[in-house]
Each structure stands twice: as structure tokens, then as C-alpha cells.
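# Pasting the sequence and the predicted coordinates here, then a few questions.
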Amino acid sequence: MRFMQGLAGARRTVGMQAGERGVGEAVEGTPKKRAMNNVRVFSAEDVRHACHEQKIRSLQLQFTDILGIVKHLDLPCAQLDKILAGDVMFDGSAIEGFVRLQESDMYLRADPATFCILPWKTATARLICDVVTLGGDPYPGDPRYALRRVLAEAGQLGYSVMIGPEVEFFLYRLDGSGKPSTHTNDIASYFDLAPGDAGAEIRETIVDALEDMGFGVASCHHEAAPGQHEIDLRYADALTMADRLVTLRILARAIAVRRGMYATFMPKPASEVNGSGLHLHQSLFTADGSNAFCDARRPEQLSTIAHGYLAGLLAHAKSFTAITNPLINSYKRLVPGYEAPTIVTWSHRDHSPLIRVPSRRGLGTRLEIRSPDPSCNPYLAFAVLIKAGLDGMQRRLEPPPQVVATAGLPLREDRERAELMHLPSSLEEALQALEQDPVMREALGEAIFRHFVNAKRIEWDYYRRQVHAWEVEQYLSTF
């Protein structure tokens with residue numbers, strides 16, 4: 001059953017956003033003919049009309065800290081004029097990576113284009129906000145602003161960035177006290193149906209809610225591990241997609257809890273099973289609606305722009321991994337044998353390398369990067385990936401020869417012959433690579449870079465000083 005049948009009327013009044021495409025499907029046609037199934041509100045007046053039409057009582061103003069944790073303020077709809085005027089103040093001193101105590105007062109500037117009704121809260125709508133200073137300038141520590149800056153750079157070069165994600169997550173049971181466990185309620189594997197896929201109803205309810213909110217869903221299915229699921233969102237511009245990924249995580253948890261389950265986007269919650277990834281399909285488009293990655297005159301129909309972007313991703317792979325895989329646990333997923341990339345390689349069709357070039361061409365030409373995981377801050381992850389690609393384009397880099405895998409892993413002799421670069425094997429190694437890369441530092445901005453590295457070094461130091469259960473079991477009685 002759909003959550004928001006009553007929203008249909010409001011949708012018709014606010015119009016529809018063009019430019020939506022599926023992951024691998026529904027990508028052909030001219031810009032005007034692309035699927036237009038995603039509804040976005042574009043103006044302050046549209047927000048006022050929708051709030052009145054749908055009898056909205058409260059508005060949730062959302063933003064994220066540098067770690068991607070969603071923060072929010074709830075205000076009654078009576079304060080809508082104040083909200084739309086960007087006159088809502090908050091104390092930023094307690095937010096991770098934000099200002100010092102003596103500079104704590106900041107403003108939230110709501111983005112009307114992000115308005116949507118929350119299916120898990122009665123008569124409540126959300127607006128995602130940009131964080132601004134008392135002087136009205138963008139706050140440099142705001143992750144959304146970091147992405148905006150990189151997208152502006154792409155715009156100056158004549159390109160818009162489109163992204164389509166494949167989002168993996170686990171559904172686990174809550175224990176007797178209502179806390180998340182690592183016990184699942186299904187025994188299914190890749191593409192299985194019920195009754196093995198006992199989480200299908202929850203997954204489908206999440207998809208219904210996403211579509212009711214105006215998010216285009218390309219597909220969904222059970223993933224390889226018991227309790228693991230995947231939802232693929234239709235292509236959208238990078239800023240819109242970052243907003244959606246933040247919302248998807250909140251929505252999935254809210255719906256799962258109502259069914260006595262918990263949705264976790266932790267990369268590797270259980271040993272000996274595949275972890276959860278966030279595969280990101282990326283492409284650049286020009287102002288006339290052409291895919292800049294496609295050139296029918298070149299081998300494999302990949303343009304020089306695509307080659308440069310691909311080479312940039314490969315060149316900065318080790319250093320952006322701290323952002324795209326930000327947890328200590330992230331590196332438990334990036335190990336051989338569990339369908340996650342560990343070596344910096346690419347291939348046209350093979351599904352095991354870091355970057356894959358799907359076979360579709362024309363408007364569907366794209367690069368798929370397979371290392372990120374869903375615990376990342378989408379704004380920062382998109383910013384460093386796009387910046388890496390743009391750097392490769394501007395420096396006219398060429399990618400190394402592709403490496404074709406056997407049984408999911410590159411051949412040992414290929415690895416030795418080509419001296420292939422490995423992704424970091426720990427958060428500490430990833431942070432070291434990030435600190436040595438001025439391009440990634442520029443993508444984040446000095447404020448975010450400094451606070452992110454500091455927060456993660458504290459996390460790593462705390463972790464390395466702990467004695468873990470495995471160590472006790474392995475060594476206590478032996479030594």
C-alpha cells in the first residue's frame with residue numbers, strides 16, 4: 001500500500017523534473033523525451049501551495065555534518081515564511097566539523113527544490129538546507145557546499161554531472177530490548193524470491209515510499225548475503241542524488257523499525273559474507289543534452305573526455321578512499337573473495353575491477369565505480385570522485401590498459417607484471433593517502449579536510465587501543 005495517495009494532487013500543481021534516467025535502462029532518447037517521473041518542487045511559492053494543499057503541520061529542516069549524519073530542526077508550518085527567507089538560526093558549535101563555540105550562530109537556508117512529504121511522519125514535510133554564516137555566505141564546512149563548489153567547476157567546463165547509485169544494505173531483527181542485532185529473518189541469496197526472501201515486503205514498502213516521495217527507482221532485489229538487499233535509483237544530477245541517498249537511509253530505517261527490523265548501511269556487519277557497497281554510475285552531459293563520455297568515432301565509442309575522467313579516478317583512487325569508505329569497518333569489506341574491489345584496475349565488461357565501463361553506449365555511456373560503501377557522506381564522496389575525474393580530464397591523462405579478471409580476481413602474473421596499485425587496506429592507510437593529495441584536499445576545502453582527518457584519526461586511535469574478542473579467543477590460552 002502506498003503511503004501518500006493524497007500527494008498526487010499536489011504533484012500535479014508543482015510539475016515534474018526532467019532529466020531522470022535509469023541505471024542501465026531508460027536512458028535513451030532526447031533530453032525532452034527522457035523519463036520525467038520524478039517530481040520536484042522548484043519555488044518557494046510551490047512549497048507554500050503544497051503545504052496548504054496537503055495540510056502540512058510541521059517542517060523538518062535537514063542538513064548533515066561532515067560524517068554524513070543527518071541533523072534536523074522541526075518547526076511548525078506557521079513559521080514557513082521565516083524558513084523560506086533563510087532566517088532560521090541554529091547553534092553550530094555542537095555539530096561535528098562545524099564552528100568553534102565563539103562562532104556558533106549560523107543560519108539554515110532551505111532549498112525549496114528538496115521539499116517532500118515524509119511518509120513515516122504524519123503531516124510532516126522536509127526541506128534540505130544549506131548552512132550559511134551570519135554574513136549570509138556559504139559555510140565552508142558544509143558538505144553540501146563542498147559538492148556545490150565541485151559541480152560549479154564542472155559547470156564552468158561545460159558539463160553537468162549525472163549519477164545513478166546501486167545501494168546495498170542489510171535488514172536485521174531487533175532483539176528483545178529493541179536494539180539492532182545481526183540476526184536476519186531470511187535465508188535468501190542473489191535475486192531469490194519469497195519465502196526465502198523474507199525481507200521482500202519491507203524492501204518493496206521502502207521502494208513504494210521512495211516513489212511516493214518522487215524518487216525514481218530503477219530496480220530492487222535481494223542481494224548475495226542473507227538479509228542483504230539492493231535498491232537502484234534512477235539517474236539524477238549529482239546534488240539531487242546526494243540529497244536522495246541521505247533520505248533513503250533515513251527512510252529505510254524508519255520503515256524497517258515499524259516491522260520489527262533494522263536497516264543498516266554498515267559496510268560489513270557480518271564475517272564470511274559479502275559486504276554492502278554503493279556502486280556509483282557517473283556520466284557527464286553537455287548543455288545540448290549529449291553524453292560527453294560517448295564518441296562513436298573512437299574505439300569502444302569512449303570519448304577522450306571519458307578516458308581522462310576514468311584516468312583521474314584511477315590516479316586518485318587511494319586518496320579518495322578515506323572519503324568513500326570512511327569507517328574502520330569499511331576495510332573489512334575491501335578484501336579479496338567477497339566481490340569488492342581491492343586493486344586499482346578497470347575493465348570494459350568485467351564486474352570485478354574498481355571501475356567498470358558498462359557496455360551501453362549513446363546517452364547510456366557511463367563509468368561505474370565499485371569501491372564506495374553506503375556509510376559515506378554522499379556530498380563529500382561525490383565531491384572527491386567528480387574532482388578526481390575532472391582533474392584527469394584537465395590534465396589529459398590516459399588510463400592504463402584494462403585488466404581482465406579470472407574467477408573474480410586479476411591473474412597473479414598480470415598483477416606482478418603491471419605492478420598494479422592496491423586500495424588502502426585500513427582507514428589509517430587511507431588517511432595517509434588523503435593527506436598527501438592536494439587535489440582531494442581542494443575538493444573538500446580546508447575546513448572539511450582538517451576536521452574530517454582529525455575526527456577519523458581519533459576514531460582510528462581509539463580502535464587500535466582496544467583488545468577485541470578475536471584476540472582474546474585466539475591468544476589468551478595459547479600464550
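It's in.

# May I ask you to confirm that L210 belongs to a helix?
Yes: read with DSSP: H, G, I helix; E, B strand; the rest coil, L210 is one of the residues of a helix.

# For the residue nearest to it when sequence neighbours are not counted, give its distance to R370.
On the basis of Cβ to Cβ, 6 or more residues apart in numbering, the spatially nearest residue to L210 that is not a chain neighbour turns out to be V217, at 5.4 Å. Where C-beta positions appear, they are placed from N, C-alpha and C, glycine not excepted. Applying Cβ to Cβ, to the nearest Å, one obtains 20 Å for the distance of V217 from R370.

# same check, this time on H222
Relative to R370, H222 is positioned 19 Å away (Cβ to Cβ).

# neighbour count winner among the two?
H222 (25 against 18; other Cβ atoms under 10 Å).

# for that one, phi and psi?
As for H222, its main-chain torsions (degrees, to the nearest 10) stand at phi -70, psi 140.

# Likewise for F63?
With angles defined as degrees, to the nearest 10, F63 sits at phi -160, psi 170.

# For it, give me its contacts.
Under the criterion of Cβ atoms under 8 Å, 6 or more residues apart in numbering, the contact partners of F63 comprise 70-72, 108, 128-131, 142, 144.

# Count the residues that sit near the spatially closest residue to it that is not a sequence neighbour.
Nearest-residue entry for F63: C129, 4.8 Å, with adjacent residues in sequence omitted and distances by Cβ to Cβ, 6+ apart. C129 sits with 25 neighbouring residues when counted by other Cβ under 10 Å.

# Quickly list what C129 is bridged to.
As for beta bridges, C129 partners with A110 under DSSP bridges.

# just curious, which of the contacts of F63 is nearest to P358?
Nearest to P358 among the contacts of F63, counting by Cβ to Cβ, is R144 at 28.7 Å.

# Please enumerate the strands of the stretch 1-150 of the chain.
Assigned strands in the stretch 1-150 of the chain, in chain order: 58-64, 70-76, 88-91, 105-110, 116-117, 124-132 (criterion: DSSP state E, counting those that start in this stretch).

# Could you give the backbone dihedrals for M440?
Dihedral angles of M440 (phi, psi; degrees, to the nearest 10) stand at phi -70, psi -30.

# So it versus L431, what's the distance?
Taken as Cβ to Cβ, the spacing of M440 relative to L431 amounts to 11 Å.

# Same question for T342.
Look at T342 and L431: by Cβ to Cβ, they are 18 Å apart.

# what is the rounded mean pLDDT of stretch 91-101?
Model confidence over stretch 91-101, given as mean pLDDT, is 59.

# Measure how buried P424 is and give me the count.
Number of residues near P424 (other Cβ under 10 Å) recorded here: 22.

# wait, it sits on A322?
Yes: taking Cβ atoms under 8 Å as the definition, P424 is a contact partner of A322 at 7.4 Å.

# what do those two both touch?
Counting by Cβ under 8 Å, 6+ apart, the residues touching both P424 and A322 are 430, 433.

# I'd guess V257 is in a helix, am I close?
Yes: counting by three-state DSSP, V257 is found in a helix.

# got the contact list for it?
Here V257 is in contact with L174 (criterion: Cβ under 8 Å, 6+ apart).

# The same query, at a cut-off of 10 Å, please.
The contact partners of V257, by Cβ atoms under 10 Å, 6 or more residues apart in numbering, come to 120, 174, 178, 180, 263.

# where does the second one fall, phi/psi-wise?
Translated: L174. The phi and psi torsions at L174 (degrees, to the nearest 10) take the values phi -80, psi 140.

# try the fourth one
When read as degrees, to the nearest 10, the backbone of P180 gives phi -60, psi 140.

# Was I right to think it contacts G227?
No: shown here, P180 and G227 do not form a contact pair, counting by Cβ atoms under 10 Å, at 11.7 Å.

# Report the set of residues contacting both of these two.
In contact with both P180 and G227: 170, 172-173, 261, 264, 269, using Cβ under 10 Å, 6+ apart.

# pLDDT weak spots in this structure?
Per-residue confidence for the chain (pLDDT under 70) gives these ranges: 1-41, 92-104, 187-198, 351, 405-419.

# Can you give me every residue that contacts the most centrally placed residue in it?
Nearest residue to the geometric centre of the chain (Cα atoms, centre = their mean): P378, 3.9 Å. P378 is in contact with 64, 68, 143-144, 147, 163, 165, 238-239, 241-246, 248-249, 278, 280, 324, 372, counting by Cβ under 10 Å, 6+ apart.

# again, 6 Å this time
For P378, the contacting residues are 242, 245, by Cβ atoms under 6 Å, 6 or more residues apart in numbering.

# How about F285?
With contacts defined as Cβ under 6 Å, 6+ apart, the neighbours of F285 are S160.

# what pairs with it across the strands?
Taking DSSP bridges as the rule, F285 bridges to S160, N291.

# S319 reaches M440, doesn't it?
Yes: between S319 and M440 a contact is recorded at 4.9 Å, counting by Cβ atoms under 6 Å.

# what is in contact with the two at once?
Shared contacts of S319 and M440, defined by Cβ under 6 Å, 6+ apart, are found at L434.

# T182 and G199, how far apart?
Using Cβ to Cβ, which is the criterion applied here, T182 is 14 Å from G199.

# Contacts only, for the residue lying closest to K332 once chain neighbours are set aside.
On the basis of Cβ to Cβ, 6+ apart, the spatially nearest residue to K332 that is not a chain neighbour turns out to be K268, at 4.0 Å. The neighbours of K268, taking Cβ under 6 Å, 6+ apart as the test, are 275, 329, 332-333.

# and what of L118?
The neighbours of L118, taking Cβ under 6 Å, 6+ apart as the test, are 124, 126.

# quick one: it and L127, what's the gap?
Taken as Cβ to Cβ, the spacing of L118 relative to L127 amounts to 11 Å.

# Run a quick neighbour tally on M106.
Burial measure for M106: 23 neighbouring residues, criterion other Cβ under 10 Å.

# Using PDB, write out the CA atom coordinates for stretch 214-230.
Coordinates of the C-alpha atoms in stretch 214-230 are reproduced here as PDB (Å, rounded to 0.1, in the frame of the first residue of the first chain):
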ATOM      1  CA  GLY A 214       9.200  11.500  -6.100                       C
ATOM      2  CA  PHE A 215      12.400   9.500  -6.200                       C
ATOM      3  CA  GLY A 216      12.800   7.400  -9.300                       C
ATOM      4  CA  VAL A 217      13.600   3.700  -8.600                       C
ATOM      5  CA  ALA A 218      15.200   1.700 -11.400                       C
ATOM      6  CA  SER A 219      15.000  -1.700  -9.700                       C
ATOM      7  CA  CYS A 220      15.400  -3.600  -6.400                       C
ATOM      8  CA  HIS A 221      16.200  -7.200  -5.500                       C
ATOM      9  CA  HIS A 222      17.700  -9.400  -2.800                       C
ATOM     10  CA  GLU A 223      21.500  -9.400  -2.700                       C
ATOM     11  CA  ALA A 224      24.000 -12.200  -2.300                       C
ATOM     12  CA  ALA A 225      24.100 -12.500   1.500                       C
ATOM     13  CA  PRO A 226      21.200 -13.500   3.800                       C
ATOM     14  CA  GLY A 227      19.400 -10.400   4.800                       C
ATOM     15  CA  GLN A 228      21.100  -8.200   2.200                       C
ATOM     16  CA  HIS A 229      19.100  -6.000  -0.200                       C
ATOM     17  CA  GLU A 230      19.700  -3.600  -3.100                       C
END
